[in-house]
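Chemist: sequence and predicted structure below; questions after.
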Amino acid sequence: MSLSQLAAPLVLFAFLTPAALAQCSPVHLTAEQDHQRMMGLLHIESLRPGASGNPSAPNAANYDEAKAGPFYPPPLPLVMNNGRLVTSAKDWWRKRRPQIVGAFDNDILGRFPANSPPVRWEVVSTTLERNGNIPVITKKLDGHVDNSACPAIKVDIQVTLSTPADAKGPVPAIMELDFPPELMAMIAKRFPNLARQNGPTWQQQVLAKGWGYASYLPTSVQPDNGAGLTEGIIGLVNRGQPRSPDDWGALKAWAWGASRALDYFETDKAVNAKEVGLAGHSRYGKAALVAMAYDPRFAIAYISSSGEAGAKLYRHMFGEPIENVAGTSEYHWMAGNFLKYAGPLQVKDLPVDANELIALSAPRPLFIGAGSTAGDGWADAKGSFLAEAEAGSVYELLGVPGLGTSKFPPMGTALATGALAFRQHSDGHTPAPNWPYFVQWAARWLR
C-alpha cells in the first residue's frame, strides 16, 4: 500500500467532527486498510513476515525443538519490575499481579473500555429434550447489549444453557466458547475424521457428573476479522470509529462476552454460578484463557491447543510465531500496540509472556492440552507446557500445587495431581481426546 493510500483513511478520521462522532457514523475499512492505519499510528514502516504451515515453503514454521529455545528467558511472574522477588501472597495480589495485568492491557490484549454498556438477558425458549439418555432443560438465551449510544451497531450475545432436568438444586456448568454452527458443518464435511465422535460427547461426559453445559458464540459479540473492528462490541463502545493502539482486541471482547454470560448464570437458579467453568479450543482457547485471567468468578477451565497469544510461550520459537498473529488475518485479536513486537521490536522485548497470563488464573484450577506435532504442531504443545510449568510458582505461593514437574511428559501422559494440569494427546488439532481427562480431573474441584 502506498503512503497516499495509507493517508486516505487517516485524513478521513481527521475531518470527523465531535458532532459526527456523537451521532455514531460507523467507518468501514478492510482489514488491510485498518492494519495499515494502525501501523501509521505506531510509526511502523514494515513488519516481519510470518511463517508458513507448509513444511516445504521457504518460510516454513520451525518444528525442530533444537531450534526452538527459548533463547531469551521469559519474565518471571514472581519478579517485580524493579527486580525484587515476590515472597508473599499479599505482594502478589497488591503489587505484582497489577503490574502483569497492566502490561497485558497496554501492549498485548488492550484495555477494557472504562464504561461498557449493560446487557439485558432474554430467555428466548425453554425446551425439555434428551442428550443421550439424560433429560435436560435447554434454554436459548439472547443478551441484548444496550446500543443507545450507537443505534447503528447491534450486538446480541448468543448462549444456550442445558441443565439436568432431574437436578435437585443448582449445578456446576461448563461453558464452551463455540464456533458458529455453519463453520462446524463445513469442518465436518471437509474433515470427517476430525468431526467423528468416538464415545460420549463432552456434553454427555459432563452430564454424567450431574453438571450442566453451555455454548457461547463469541462471534455474536465481536466479528473474527479486522474489518469488524468498527462493528461488534468494540465498534459499539467506540461509536463506530477505529481503535486506538491500546484499545481492546477480539480476545478481550470475546472474554467480556463470556463474563456477561456468567452474569446471567448468577441469576438462574438452575446453575451454581460459583462453579462455572470455561472450555475453548484454538483461538477460543486463547479467549477462554483471557476470560479466566480477567474474571475471577470463573472456577475452572480447559484450554485446548491455544498456541501463540494463548498458553504457548512467545519466546519458544516453535509452530506459529508472533509475526503471524501480528499479520492482517489475526492482528484484530490483539491490541494495536502488539504490532510493535513484529516490527521495530523483537519477541525478546515483550514485557510479559504466556507463563504470566496463565499465572493470572491462580489459584484456580487450569487444564491445558494440545495435540501431537504431526497435526497440531502450529499450537506448540511443549511451549504451552513450559509456560504452565513456569506459572506454577504463583500457584505454590498461593498455597496450591502446580504441575509438580518441569520435565515434559511422554505423549498421552496426564499431569493432573495439582491445580495445574497438562496432557498432550496423539491426535491432531482437536480437543476431544483430552475431554475425559479434564472431566475426571475437574471432578476433584467441582461438586
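Modeler: Thanks, I have it.
Chemist: CA only for contacts and neighbour counts going forward, please
Modeler: Fine.
Chemist: which residues of the stretch 251-400 of the chain score low on pLDDT?
Modeler: Nowhere does the stretch 251-400 of the chain drop to pLDDT under 70.
Chemist: in it, which spans are strands?
Modeler: For the stretch 251-400 of the chain, the strands defined by DSSP state E, counting those that start in this stretch cover 271-281, 300-304, 366-370.
Chemist: can you give me the strands in the stretch 1-150 of the chain?
Modeler: Assigned by DSSP E, counting those that start in this stretch, the stretch 1-150 of the chain shows strands spanning 119-131, 134-145.
Chemist: next, the buried residues of the first one.
Modeler: So that's strand 119-131. 119, 121 (16 or more other C-alpha atoms under 10 Å).
Chemist: for stretch 198-211, same thing?
Modeler: 202, 203, 204, 205, 206, 207, 210, 211.
Chemist: closest one of the residues you listed to residue 345?
Modeler: residue 202 (41.8 Å; C-alpha to C-alpha).
Chemist: show me what contacts the closest one?
Modeler: Taking C-alpha atoms under 8 Å, 6 or more residues apart in numbering as the criterion, residue 202 is in contact with 432, 435, 436.
Chemist: can you say which two of the buried residues of stretch 198-211 are spatially most distant?
Modeler: Maximum distance among these (C-alpha to C-alpha): 12.8 Å, for 202 and 210.
Chemist: point out where the stretch 51-200 of the chain drops to low pLDDT.
Modeler: If you take pLDDT under 70 as the line, the stretch 51-200 of the chain has these spans: 191, 193-197.
Chemist: which parts of stretch 96-114 are buried?
Modeler: For stretch 96-114, using 16+ other C-alpha under 10 Å, the buried residues are 96-97, 99-101, 103-112.
Chemist: what's the answer for stretch 436-447, then?
Modeler: Judged by neighbour count (16+ other C-alpha under 10 Å), stretch 436-447 contains these buried residues: 437, 438, 439, 441, 442, 446.
Chemist: possible to save these as CSV with pLDDT and distance to residue 80?
Modeler: Output for these, formatted as CSV (pLDDT from 0 to 100; distance: C-alpha to C-alpha, whole Å):
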residue, pLDDT, distance to residue 80
437, 98, 35
438, 98, 33
439, 98, 36
441, 98, 33
442, 98, 32
446, 96, 33
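Chemist: show me those residues that map onto helices.
Modeler: The helices, defined by DSSP state H, take in 437, 438, 439, 441, 442 from those.
Chemist: any chance of those in TSV with distance to residue 282 as columns?
Modeler: What follows is those, written out as TSV (distance: C-alpha to C-alpha, whole Å):
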residue	distance to residue 282
437	18
438	16
439	19
441	21
442	20
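Chemist: and which of these is nearest residue 135?
Modeler: If you rank these by distance to residue 135 using C-alpha to C-alpha, residue 439 comes first, at 19.8 Å.
Chemist: how far away is that closest one from residue 432?
Modeler: Using C-alpha to C-alpha, to the nearest Å, residue 439 is found at 11 Å from residue 432.
Chemist: again, but for residue 220
Modeler: 24 Å.
Chemist: again, but for residue 318
Modeler: 23 Å.
Chemist: residue 378 too?
Modeler: From residue 378 to residue 432 the distance is 18 Å (C-alpha to C-alpha).
Chemist: quick one: the helices in the stretch 101-250 of the chain?
Modeler: Assigned by DSSP state H, counting those that start in this stretch, the stretch 101-250 of the chain shows helices spanning 181-190, 192-195, 202-208, 232-237, 250-265.
Chemist: among these, which comes closest to residue 35?
Modeler: For those, proximity to residue 35 was assessed by C-alpha to C-alpha; helix 250-265 is nearest, at 14.2 Å.
Chemist: quick one, what contacts the closest residue to residue 417 other than its chain neighbours?
Modeler: Residue nearest to residue 417 in three dimensions, not counting chain neighbours: residue 403, with 7.2 Å by C-alpha to C-alpha, 6 or more residues apart in numbering. Going by C-alpha under 8 Å, 6+ apart, residue 403 touches 388, 389, 392, 415, 416, 417, 418, 419, 420, 421, 422.
Chemist: reformat those as TSV; add secondary structure and distance to residue 54.
Modeler: Shown next, in TSV, are the contacts of residue 403 (DSSP: H, G, I helix; E, B strand; the rest coil; distance: C-alpha to C-alpha, whole Å):
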residue	secondary structure	distance to residue 54
388	helix	28
389	helix	30
392	helix	34
415	strand	31
416	coil	34
417	coil	37
418	coil	37
419	coil	37
420	strand	33
421	strand	31
422	strand	28
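Chemist: just to revisit the earlier point, ok, and which of the helices of the stretch 101-250 of the chain has the densest surroundings?
Modeler: Highest mean neighbour count among the helices of the stretch 101-250 of the chain (mean count of other C-alpha atoms under 10 Å): helix 232-237, with a mean of 25.
Chemist: which one of the contacts of residue 403 is nearest residue 304?
Modeler: Proximity of the contacts of residue 403 to residue 304 (C-alpha to C-alpha) peaks at residue 422, which lies at 10.0 Å.
Chemist: assign a three-state SS to the residue nearest to residue 417, would you?
Modeler: coil (DSSP: H, G, I helix; E, B strand; the rest coil).
Chemist: relative to residue 386, how far out is it?
Modeler: 10 Å.
Chemist: so what sits against both of these two?
Modeler: Here residue 403 and residue 386 share no contacting residue, scored by C-alpha under 8 Å, 6+ apart.
Chemist: fine by me, we can end here.
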